[in-house]
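Novice: When you get a sec, could you give me coordinates for this:
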Amino acid sequence: MQKLIECVPNFSEGRDLNIIRQISAAIESVDGISLLDVDPGASTNRTVVTFVGSPEAAVEAAFRGIQKAAELIDMRKHKGAHPRMGATDVCPFIPVSNVSWEEAISCANQLGKRVGDELNIPVYLYEKAARNSARSNLAVIRAGEYEGFSGKIKEARWKPDFGPSVFNQKSGASAIGVRDFLVAYNVNLNTKAVRRANSVAFDVREQGRNKTDDGAPYGKPLLDEKGEPVRILGLLKHVKAIGWYVEEYGIAQVSMNLTNIEETPLHAAFDACNEAASKRGLRVTGSEIVGMLPKKCLVDAGKYFLRKQNWSEGASEEDLIEIAVRSMGLSELKPFDPKEKIIEFKMESVSKKSLLKMNLRQFCNETLSDSPAPGGGSVAALMGALGASLGGMVANLSAGKRGWDDKLNYFSDWAVKAQELKDELLFLVDEDTAAFNKVMAAFALPKDSAEEKTARSAAIQLATKYAAEVPLRLMETASKSYQVLAEMAEKGNPASISDVAVGLLALRACVDGAAMNVRINLAGLKDERFKSTLLQKLQKISAQSESRFKEIIQVVESKLG
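Specialist: Residues are numbered from 1 along each chain as shown. The predicted structure follows:
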């Protein structure tokens, strides 16, 4: 599936719109990058830029932005209300989807090395990317700010992770790191009283509240043996919260920052507020997301609420998001638009044309036209997605079958697996066409000089390798779907056995069709070792596919009668 990482560089310029535009344009010039937000502040004299893309594209875009900032911003003239130490003050990477912490840390290191080596700017790694735990806190690194760094950098303990140990007077120093995604989340209450909203906030936030001698919220704080206030911890880790009144809506809210959405997800914060409010005679009426969030937050919430309903979690992403929006009342104050609030959907809305956005007739018309793409590879991927979808459908039907309540979790798990496979196969519908287009773009490169011919030949070979790897990945993914159909053939609702059969035929056609696409691309390659490796993998997967098909079709035939 697509790897997405967010990057939020902070530049020390918030007043000169021409400079801000040039930095933003440098970032946006990288293919595959979606610029989500540019937020300048005049009093802070600082601009926060938010963009997302693949790890490779994000590193390149961040470098171009930092390079342009170093060219245009002179820190010797900078004044602003916000603490700062460089033209690019801080540049964090935040994993959004299918990117591990290790990959994100690798991005920070790659970028730090380039900035240090090519721009001669001292770079410090912070938070999850920090090499020195004493320097993981950004505030510690930035202490003394730009004005104090010329002396600070001479100390051995402040030797940069990358770049020279000499202060760059024009550009200052930069901190590059990796941090968790922060979600700003407000829960609505049926009260106008800030004090009551604060009581709920103190119940749920990690630091909780001070323990008092009489137990009253505003009583005399109890102290420990060191003279420090004794605290009653709240329900949720990694959550900061306060209560406030929103005049625009005429209600009080619990306003939260969720700083680790893996350990404390969105739905956990909602339920904790619900629980705390109920104990105080209040009611949660809805909630709102401030800013944007990763799709996973709402997909996980949708699954959570389906579990609470004792229902199968094997719904589509779109349905899971709708369930989450309704369950948490995200549209109570104003309509919640997933296309504007979810990072991945926002990217899709500004991205190039996608086959997945077409209806069935449009897809068939595009395939039938004289354009060479989409072709057999994309159609094979679609057949695989349909095969996996039929397996998931049988799982969902079986999960809801009357009298099979004890099998709910079993079928729900297989339906979830089918959804995951279906989504990856659909991704490959577009990816196969994109791979073919890269081959065509390589063939279109100039070939007038000897250098151009050499570069063109290398580009063709590289693009053709990828065009062979994509259908091989399609074969591997489709083959995993056989297990879903095998389980449904054996244990699923017998009334749906013909659906299992059609899914099985679609999967075999997908694997066989993808194999043809691998072979036709290998024919144009010169790298014999690469060709041999892929052919061996192809033959192994094809043999396994045929074996699995025969095994499962026998079960299907025995039940069809």
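Novice: can you pull the contacts of residue 10?
Specialist: 46, 47, 48, 49, 88, 89, 90, 91 (CB atoms under 8 Å, 6 or more residues apart in numbering). No exception for glycine: its C-beta is placed from N, CA and C like everyone else's.
Novice: at 7 Å instead, please
Specialist: Residues in contact with residue 10, defined by CB atoms under 7 Å, 6 or more residues apart in numbering, are 46, 48, 89, 90.
Novice: Equivalent analysis for residue 284, please.
Specialist: By CB under 7 Å, 6+ apart, the neighbours of residue 284 are 187, 188, 189, 273, 274, 277.
Novice: try 8 Å
Specialist: 187, 188, 189, 190, 270, 273, 274, 277, 329.
Novice: okay if I get those as a markdown table plus secondary structure?
Specialist: Supplementary listing: the contacts of residue 284 in a markdown table, determined by DSSP: H, G, I helix; E, B strand; the rest coil:
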| residue | secondary structure |
| --- | --- |
| 187 | strand |
| 188 | strand |
| 189 | strand |
| 190 | coil |
| 270 | helix |
| 273 | helix |
| 274 | helix |
| 277 | helix |
| 329 | coil |
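Novice: farthest-separated two in these?
Specialist: Greatest spatial distance among the contacts of residue 284 (CB to CB): 190 and 270, at 15.1 Å.
Novice: Can you pull the phi and psi angles for residue 93?
Specialist: phi -100, psi 140 (degrees, to the nearest 10).
Novice: Begin at 54 from now on, thanks
Specialist: Yes, from this point I'll number from 54; that puts the last item at residue 146.
Novice: For it, give its distance to residue 59.
Specialist: According to CB to CB, to the nearest Å, residue 146 stands 7 Å off from residue 59.
Novice: got it, and residue 425?
Specialist: Residue 425 is 35 Å from residue 59, by CB to CB.
Novice: neighbour-wise, which of those two wins?
Specialist: Comparing residue 425 with residue 59 by other CB atoms under 10 Å, the one with more neighbours is residue 59, at 23 against 10.
Novice: List the strands paired with the host helix or strand of the more buried one, with their directions.
Specialist: Counting by DSSP states H and E, the element that carries residue 59 is strand 57-60. With DSSP bridges as the test, strand 57-60 is paired with strand 99-106 (antiparallel), strand 141-150 (antiparallel).
Novice: Tell me which of those is the most buried.
Specialist: Ranked by mean neighbour count, these are led by strand 141-150 with a mean of 25 (mean count of other CB atoms under 10 Å).
Novice: Please name the residues that touch residue 387.
Specialist: Per CB under 8 Å, 6+ apart, neighbours of residue 387: residue 341.
Novice: for residue 135, same thing?
Specialist: 94, 97, 98, 99.
Novice: Pull out the buried members of these.
Specialist: Among the contacts of residue 135, those classed as buried by 16 or more other CB atoms under 10 Å are 97, 98, 99.
Novice: how far away is the second one from residue 459?
Specialist: According to CB to CB, residue 98 stands 64 Å off from residue 459.
Novice: circling back: overlap in contacts of residue 146 and residue 59?
Specialist: Jointly contacting residue 146 and residue 59 under the rule CB under 8 Å, 6+ apart are residue 111.
Novice: Find the helix or strand that the residue nearest to residue 407 when sequence neighbours are not counted is a member of.
Specialist: Computed as CB to CB, 6 or more residues apart in numbering, the closest residue to residue 407 that is not its neighbour in sequence is residue 483, at 5.5 Å. According to DSSP H and E, residue 483 maps onto helix 461-496.
Novice: Which elements pack onto that helix?
Specialist: On a contact count with 3 or more CB pairs under 8 Å, 6 or more residues apart in numbering; DSSP states H and E, helix 461-496 meets helix 429-452, helix 503-533, helix 535-544.
Novice: burial of residue 411, as a residue count?
Specialist: 15.
Novice: Just give the nearest non-adjacent residue to it, would you?
Specialist: Nearest residue to residue 411 in three dimensions, chain neighbours excluded: residue 419, at 6.6 Å (CB to CB, 6+ apart).
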